[in-house]
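Visitor: need a structure here:
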Amino acid sequence: MSGNPEDGFARVSTVVLIGFMAAGKSAVGRLAAQRLQIPFVDTDALIEQREGPIGEIFATRGEPAFRVVERDIVMEVLETASRRPHVIALGGGAVLSGDVREALERQPHVAWLTAPADVLWARAAARRGRPLAKDQQAFGRLFEERNELYRRVASAEVLNDGSRALIAVAADIVALAADRAMRPAPGRGEVGR
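Guide: Now for the predicted structure:
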């Protein structure tokens, strides 16, 4: 399934996955990209390859410095994806950058992976090293603050609360990439679930 018409996909386009930390962007994105046979890029992983662990960047250089690095890498990846279809997973805070939000508006599909805050907290708390997942109340406030930004740039909303297998969630992303489903979402129109 390379996006050729004989593969059943008349056209495959880039899909960018956004959402709060622990929404499953990396796991779902990897599965969708494998199915579509197009490149997958996890911008957090790319940041760590180039700059070192995200937790260390927060600790030694601070969140503002991290956000500059994140913005630059996300913009670079989105530019590459404008020439060749990709599935891209953005870090949860990437939408804080106005430049990134503007670039997302130009993307064919921006899928917002959603789940309730308590589900995301349980997932995030189980994984050590997330600098913004140390206090559940602060986590909940951040979740609420960012939801409006996700809503503004999303073209589709995809539920990933654990009620469906990851492969089913990835199938929703595959359908988006093949221009077959779930448009538009809040901020760009109606919710697609």
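Visitor: which strands or helices does the least confident helix or strand in the chain by mean pLDDT pack on?
Guide: Lowest by mean pLDDT, DSSP states H and E among the helices and strands of the chain is helix 117-126, with a mean of 89. Secondary-structure packing of helix 117-126 (3 or more Cβ pairs under 8 Å, 6 or more residues apart in numbering; DSSP states H and E): helix 136-153. For the C-beta atoms, the positions are set from N, CA and C on the backbone; glycine is no exception.
Visitor: what residues of the helix it packs on count as buried?
Guide: Of the residues in helix 136-153, 139, 142-143, 146-147, 149-153 count as buried by neighbour count, 16 or more other Cβ atoms under 10 Å.
Visitor: that helix vs helix 117-126, what angle?
Guide: Relative orientation of helix 136-153 and helix 117-126, computed by axes from the mean of the first three to the mean of the last three Cα atoms, to 10 degrees: 120 degrees.
Visitor: output helix 136-153 as PDB, nothing but the C-alphas.
Guide: Extracted in PDB, the C-alpha atoms of helix 136-153 (Å, rounded to 0.1, in the frame of the first residue of the first chain):
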ATOM      1  CA  GLN A 136      -1.800  15.300  38.400                       C
ATOM      2  CA  GLN A 137      -3.500  18.700  39.000                       C
ATOM      3  CA  ALA A 138      -1.000  20.600  36.900                       C
ATOM      4  CA  PHE A 139      -1.300  17.900  34.300                       C
ATOM      5  CA  GLY A 140      -5.100  18.400  34.200                       C
ATOM      6  CA  ARG A 141      -4.800  22.200  33.900                       C
ATOM      7  CA  LEU A 142      -2.300  21.800  31.000                       C
ATOM      8  CA  PHE A 143      -4.600  19.300  29.300                       C
ATOM      9  CA  GLU A 144      -7.500  21.800  29.400                       C
ATOM     10  CA  GLU A 145      -5.300  24.700  28.200                       C
ATOM     11  CA  ARG A 146      -4.000  22.800  25.200                       C
ATOM     12  CA  ASN A 147      -7.300  21.300  24.100                       C
ATOM     13  CA  GLU A 148      -8.400  24.600  22.600                       C
ATOM     14  CA  LEU A 149      -5.200  24.700  20.500                       C
ATOM     15  CA  TYR A 150      -5.600  21.200  19.300                       C
ATOM     16  CA  ARG A 151      -9.300  21.900  18.400                       C
ATOM     17  CA  ARG A 152      -8.200  24.900  16.400                       C
ATOM     18  CA  VAL A 153      -5.800  23.100  14.100                       C
END
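Visitor: quickly run through the sheet partners of the strand of greatest length in the chain, with directions.
Guide: With secondary structure taken from DSSP state E, the chain has its longest strand at strand 109-114. Strand pairing for strand 109-114, using DSSP bridges, gives strand 15-18 (parallel), strand 156-159 (parallel).
Visitor: any idea how far Met75 is from Ala81?
Guide: Separation of Ala81 from Met75 (Cβ to Cβ, to the nearest Å): 11 Å.
Visitor: tell me which of the two has more neighbours.
Guide: With neighbours defined as other Cβ atoms under 10 Å, Ala81 and Met75 compare such that Ala81 has more, 22 against 16.
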